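Enquirer: Here you go, sequence then predicted model.
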Amino acid sequence: MLELAYTIRGLLGTDEVLISVRIILAISHLNNLTYQVQLTELSSSKKWLDHNLQQNTQVICYPAGRANNQTIKADKQAGYQYALSTAPGIATSAQNAYNLTRQRVVPGMSLTAFQTLLTTTNE
């Protein structure tokens, strides 16, 4: 694993905001790792985000959208409440909270295209 840390400076209203971002580049997808390595990655990342952003991180977006049963077990153990896949669709309460679909919003998307995303069903 290669870990990179960098700082982004920007403005929010009139206050300068300093955000630290931690990126972990894994050679393989999360779901290809052992349960224990997944749990370590998920737990340590959540702890870092919670501490450095002073929040209670509740949602994980799977790297490359891939997860297996061990990933979901590790998510729960690490303290996440929800997880997003990259499968397209509108998330509903009928879905598994650890494999929610999502709609991809891209820069430059027209209002019509965005409206279509909001009205598209999972059927």
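Expert: Ah, there it is. Numbers count the residues shown, from 1 in each chain.
Enquirer: how far away is Gln58 from Ser110?
Expert: Distance, Gln58 to Ser110, using C-beta to C-beta, to the nearest Å: 31 Å. Backbone N, C-alpha and C define where each C-beta goes, glycine included.
Enquirer: quick one, which of the two is more surrounded?
Expert: Gln58 (12 against 8; other C-beta atoms under 10 Å).
Enquirer: Excluding chain neighbours, give the residue nearest to that one in space.
Expert: Gln81 (4.3 Å; C-beta to C-beta, 6 or more residues apart in numbering).
Enquirer: Tell me who's in contact with that neighbour.
Expert: Gln58, Val59, Ala97 (C-beta atoms under 8 Å, 6 or more residues apart in numbering).
Enquirer: max-length helix in the protein?
Expert: helix 35-52 (DSSP state H).
Enquirer: Tell me the first helix or strand C-terminal of that helix.
Expert: Where DSSP states H and E defines the elements, the next helix or strand beyond helix 35-52 is strand 59-61.
Enquirer: Flag every buried residue along that next one.
Expert: Neighbour-count burial for strand 59-61 flags Ile60 (criterion: 16 or more other C-beta atoms under 10 Å).
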